[in-house]
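Participant: okay, predicted coordinates and the sequence, questions at the end:
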There are 2 protein chains.
Amino acid sequence: MSNPLTMKLEQGAELQASDRARLETVVAQTRKVAPREDLIREGEIPENVRLVLDGFACRYKVLPDGKRSIVAFLLPGDFCDLHVAILGSMDHAICALTPCTIVEIPRSTIDDLTQNFPRITRALWWATLVDEGILREWLVSMGQRPSDKQLAHLICELLLRMQVVGRATENSFFLPLTQEELGDTLGISTVHVNRVLQQLREDGLIKLQGRTVTIPDVEKFKQFAEFNPNYLHLRDTKDIPVSDAG
Amino acid sequence: MSNPLTMKLEQGAELQASDRARLETVVAQTRKVAPREDLIREGEIPENVRLVLDGFACRYKVLPDGKRSIVAFLLPGDFCDLHVAILGSMDHAICALTPCTIVEIPRSTIDDLTQNFPRITRALWWATLVDEGILREWLVSMGQRPSDKQLAHLICELLLRMQVVGRATENSFFLPLTQEELGDTLGISTVHVNRVLQQLREDGLIKLQGRTVTIPDVEKFKQFAEFNPNYLHLRDTKDIPVSDAG
DNA sequence: GTGCTGCGTTAACATACGTTGAAGCCGACA
DNA sequence: TGTCGGCTTCAACGTATGTTAACGCAGCAC
């Protein structure tokens, strides 16, 4: 199986063998980050471009009163800061939620990609635009959906995104988030996250074993969540390869 | 005074005379759109790139139960769909909220810009990244801020963005939104929008004359809203020219 | 084993916000 | 000038969600 970056970018462009080979070298040099460690802090101006190759990280902001808001999850294959060079400094921070494997990509490599690999360039564009689509959908969820559907919707999204990078079976994946982290994402309290989770379990919509989520009836679950995957702009949902182990 | 597109892009790159001249021609051919008219519908694959030159429009999604969620405002100088070509189809719709003046830009023009005008290209990048920053900040607002501060925060943002394109004085601008539209943006009911607006007025934080918002004490207001403009990635807030009439 | 520490779970109570429905306002238009 | 439709305002009441605080439990350090 190829690396998660390649797997993801396949969704954004018709990559060819040369593209895949180049991406393989991009992803060669890795380093580890411990959970709760910040990959990037607000205000920083990162030198290199960073990429999550394994693990679970998040973008977040902290308000003056100490409340934390998680505004994105970074799964394997997701970039941390592909474009900060243009913006100057980070307007938010990124934190590892689990042990993460990170790739540091020199800016020169990105320049090489954008100048000599048009299909990869297109795929990188695609990735940032999908990120924007996800933000819009989260905004819809947060504003208009009751918290149970909001949580269900998030789980649907993560299932699909994990499948794209080969980290989920057809109906289950490892979701290493605490209830507090879920609350900071959905904009609800931990107590309420707990209530909602229990309701979903009671209704048989999800099962939790340890931190593995299993969805007994995916179609039913998607319907409950009113989940429409169009905002992820995937090639064809049915073609996504599925890993054999959760 | 130059056109709002140029004024905005000045914030994203050091434009030169040749850039400004080129942008002037880009923006030459306009057409009018009536309020409530969709500029683009969900699922569409637009041929040209569209730009709002005057008026107020919004990105929105509608849920199965009919609820509408407004996920962005498009002010003069904002692009509707700079990059949909890469994504395929629109995952949301765009609607004029007031009478709008629109520019239709052929894709070939965009290609010309990105190939021959590096500073403009950089500025276009900057603009899309700022849009992403705004989405993140809205998410934070919606998740963590009480609705009065959320509304105040939105007003702060719009004040600044309107100033950038010369459509606001130091402390006031024309805000042509109904309370229903505000509600669909903030994720609260119209009745509650009304409550919050009245509270803000009662506290002397804002004044409304017709649809013109005036902020008696901008510093105090920003503090109340916990507004930090860093996510807009503007050059220097103090250098923004201000129009003489509201 | 003992005692932290982080996380999940519960309960009782408080409140911000939603819903419904009616009244008033105001500009557009005949 | 009058009527109409869209918008704002208001009141009464319902509820989803927040807050606080306590307890249990597993993993880990010692």
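Facilitator: Received it, and whenever you're ready, just let me know what you need. Numbering: from 1, shown residues only, chains lettered A, B, ... in the order given.
Participant: isn't A:Leu53 up against A:Gln29?
Facilitator: No: using CB atoms under 8 Å, A:Leu53 makes no contact with A:Gln29, being 10.2 Å away. Where you see a C-beta, it was placed from the backbone N, CA and C, and this is true even at glycine.
Participant: overlap in contacts of those two?
Facilitator: A:Val103 (CB atoms under 8 Å, 6 or more residues apart in numbering or on different chains).
Participant: now the strands for chain A?
Facilitator: A:30-33, A:38-40, A:49-54, A:57-62, A:68-74, A:93-96, A:100-105, A:172-174, A:207-209, A:212-214 (DSSP state E).
Participant: okay, A:Leu53 and A:Gln29: which has more neighbours?
Facilitator: Between A:Leu53 and A:Gln29, A:Leu53 has the larger neighbour count (other CB atoms under 10 Å in any protein chain shown), namely 19 against 11.
Participant: ok, for the more buried one, nearest residue in space, not its chain neighbours?
Facilitator: Among residues not flanking A:Leu53 along the chain, A:Thr101 sits closest, at 4.4 Å (CB to CB, 6 or more residues apart in numbering or on different chains).
Participant: so who does the one you found touch?
Facilitator: Applying CB under 8 Å, 6+ apart, the residues contacting A:Thr101 are A:Thr30, A:Arg31, A:Lys32, A:Val33, A:Val52, A:Leu53, A:Asp54, A:Gly55.
Participant: same check on A:Val140?
Facilitator: If a contact means CB under 8 Å, 6+ apart, then A:Val140 has B:Lys61, B:Leu63, B:Ser69, B:Val71 as its contacts.
Participant: low-confidence ranges in chain A?
Facilitator: Applying pLDDT under 70 to chain A picks out residues A:1, A:237-246.
Participant: what residues are up against the closest residue to A:Ile40 other than its chain neighbours?
Facilitator: Spatial nearest neighbour of A:Ile40, chain neighbours left out: A:Ile94 (4.6 Å); criterion: CB to CB, 6+ apart. A:Ile94 makes contacts with A:Asp38, A:Leu39, A:Ile40, A:Arg50, A:Ala57, A:Cys58, A:Arg59, A:Tyr60, A:Leu74, A:Cys80, A:Asp81, as judged by CB under 8 Å, 6+ apart.
Participant: related to what we said a few turns ago, and the contacts of A:Thr101, which is closest to B:Leu139?
Facilitator: Comparing these against B:Leu139 with CB to CB places A:Val52 closest, at 19.9 Å.
Participant: in the sheet, who's paired with the nearest residue to the closest one once chain neighbours are set aside?
Facilitator: Leaving aside its sequence neighbours, A:Val52 sits nearest to A:Leu74 (CB to CB, 6+ apart; 4.7 Å). In this structure, A:Leu74 bridges to A:Ala57 when assessed by DSSP bridges.
Participant: one step back: possible to save the contacts of A:Thr101 as TSV with distance to A:Ser89?
Facilitator: What follows is these, written out as TSV (distance: CB to CB, whole Å):
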residue	distance to A:Ser89
A:Thr30	26
A:Arg31	23
A:Lys32	26
A:Val33	21
A:Val52	21
A:Leu53	25
A:Asp54	27
A:Gly55	25
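Participant: now restrict those to buried residues only.
Facilitator: With neighbours counted by 16 or more other CB atoms under 10 Å in any protein chain shown, these contain buried members at A:Val33, A:Val52, A:Leu53, A:Asp54, A:Gly55.
Participant: what is the neighbour count of the residue in chain A positioned nearest to DNA strand D?
Facilitator: As assessed by CB to the nearest atom of the strand, DNA strand D sits closest to A:His192 within chain A, at 3.1 Å. Neighbours of A:His192 under the rule other CB under 10 Å: 17.
Participant: before we move on, what about A:Gly66?
Facilitator: When neighbours are defined as other CB under 10 Å, A:Gly66 has 6 of them.
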